[in-house]
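> turn this into a structure:
(chains A and B)
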Amino acid sequence: MENSRETGSTNDGAASSQNANYYDIDDILAEEELVPVVFYKSANGVKVDPTAEKDCVEKGAKVELPFWLAQELYLRQAVSLSIPTCFNQNTRREIQADAACVDLKSRCPYFYEFGCKIAPLVGDRTIGKMLLSTFQMRYKEILTKAHTTVYAPASKSLAVLTKEEISLHEAARSSMAAFKKWRIGGPRFQRASVLGRKRKPTE
Amino acid sequence: MSAGFCFSKENMHGRRACRLIKEFNSGEKGQLNHFNEELLNEVAKECSENFLVLQSLIRKMQEEGLDFQTTRNADHYGALINHLSLIRNKRCLMAYVYNRAEMIQNLAWTVGLRLFELPEEIQEKLSHPEKEYFKKHSSALESYMSKVDLDLNDMVPPKDPYIKVRVLDDVGEGIVVSDKAANFARHSMHFLKRTDAELYISRGLMEELTG
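Here you go, the predicted structure:
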């Protein structure tokens, strides 16, 4: 993980850790999550403070920046970070009560990924443990439901899942469906999935 | 001190790029959306704006006689934020084009090697360069397959080496299939080796009977 480096040092460390996921849509969107920051320095010619009259930001301004910007500014000691709201005490208390029921999707659809990115920066060692225990508690529930519930895309249990959890749920469902198909047998040639679901011809 | 909590304003750095990525990600998984040339160009324009501001800030520092490598003033941080925004916008643009290109390659593998074989609703979602890309990928794939003499698109293993076929056209007599001569009259039905029949099926002279 990256530590704070000299101000104005090159971008190599951040770039190499990011390169593997450079084209990854989910990684891009996870880095779009907002982080509350306070500016230590002022900056000209930027549009980051919606309350400022001109295109600049003053020293001491409190704004929310997307992670991709907040991280780099933090590493150059231009801003201080605070813990994003989705990892605050309220959320943690709810998770402790019953992790499976907490609506993580509305809090942050990239809860785990974002948590992993933010944890080394804010210096809060409890975030990692919290992420792990949250995932462990929810994982069991996700798999059980994936195998038992009837498919309903807008079902209530799916609405609280993060992006990663939804992929897990779908992976479980599709492997179950593939297993059933293998047992029963069925058409071997299938319409390419990129074409979408086949619409019924109109009469 | 302000308690401004909205980075969501449209003119904020990187907002348009994020909208482009979100749009790519919306809809059913694995489905192509329309190529959003307008938004793509807006993001590219934002990159140029970032660059112009960056340049003007560095010029300003140089005019003030400051060393822009070491000075850490408001202009430096302004330039830095514009630089980071430019890199971010570039990443979003690249990811948009790259991920679409992957899906377009996939079309050649799963749907068909000719553009006209793709359903119209998919064709109209592609931009002109994407159509060119599809054609080039297909022809590369095709020339490779003809070199190794193997149809790589046929990834479903045969269940049975023999299939039942019906002759659609007058194939003519005297055809020897696997050292066994048969009378392939029109509408006659035969039980052939799949490998023997494939050629005639693909030419439209026979059809496979299932069930």
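> and the helices in chain A?
A:12-19, A:25-30, A:67-75, A:89-98, A:104-107, A:111-122, A:126-148, A:156-159, A:163-184 (DSSP state H).
> could you do chain B as well?
B:15-25, B:37-63, B:74-110, B:120-123, B:128-148, B:194-202.
> now do the same contact list for the residue nearest to A:Gln71 when sequence neighbours are not counted.
Leaving out its chain neighbours, the residue that sits closest to A:Gln71 by C-beta to C-beta, 6 or more residues apart in numbering or on different chains is A:Leu121, at 6.4 Å. Backbone N, C-alpha and C define where each C-beta goes, glycine included. Residues near A:Leu121 by C-beta atoms under 8 Å, 6 or more residues apart in numbering or on different chains: A:Gln71, A:Tyr74, A:Leu81.
> any stretches of chain A with poor pLDDT?
A:1-18, A:149-155, A:185-203 (pLDDT under 70).
> what sits against the residue nearest the centre of it?
Note on chain A: the residue nearest the mean C-alpha position is A:Tyr110, at 1.3 Å, using C-alpha atoms, centre = their mean. Contacts for A:Tyr110 were tallied using C-beta under 8 Å, 6+ apart; they are A:Asp26, A:Leu29, A:Ala30, A:Glu33, A:Thr162, A:Lys163, A:Glu164.
> roughly how far does it sit from A:Arg173?
Distance from A:Tyr110 to A:Arg173, counting by C-beta to C-beta, to the nearest Å: 21 Å.
> one step back: chain B: which of the contacts of A:Leu121 is nearest?
Nearest to chain B among the contacts of A:Leu121: A:Gln71, at 9.4 Å, using C-beta to the nearest C-beta.
> number of residues surrounding the closest one?
Using other C-beta atoms under 10 Å in any protein chain shown, A:Gln71 has 23 neighbouring residues.
> likewise B:Ala101?
Considering only other C-beta under 10 Å, B:Ala101 is surrounded by 16 other residues.
> now it: closest residue in space that isn't a chain neighbour?
Distance criterion C-beta to C-beta, 6+ apart; nearest residue to B:Ala101, sequence neighbours excluded, is B:Tyr133 at 6.2 Å.
> do you know the pLDDT at the one you found?
With respect to pLDDT, B:Tyr133 scores 95.
> tell me which residue of chain B is furthest from the middle?
Outermost residue of chain B (C-alpha atoms, centre = their mean): B:Gly65, 49.9 Å.
> mind giving me the domain ranges of chain A?
For chain A, automatic domain parsing gives the domain ranges A:1-82, A:85-179.
> residues contacting B:Ala95?
B:Ala95 makes contact with A:Tyr22, A:Tyr23, A:Asp24, A:Ile25, A:Ile28, B:Ile21, according to C-beta under 8 Å, 6+ apart.
> let's see that with 6 Å instead.
Contacts for B:Ala95 (C-beta atoms under 6 Å, 6 or more residues apart in numbering or on different chains) come out as A:Tyr23, A:Ile28.
> that one and B:Glu130: what is the separation?
15 Å.
> residue contacts, B:Lys60?
Residues in contact with B:Lys60, defined by C-beta under 6 Å, 6+ apart, are B:Asp75.
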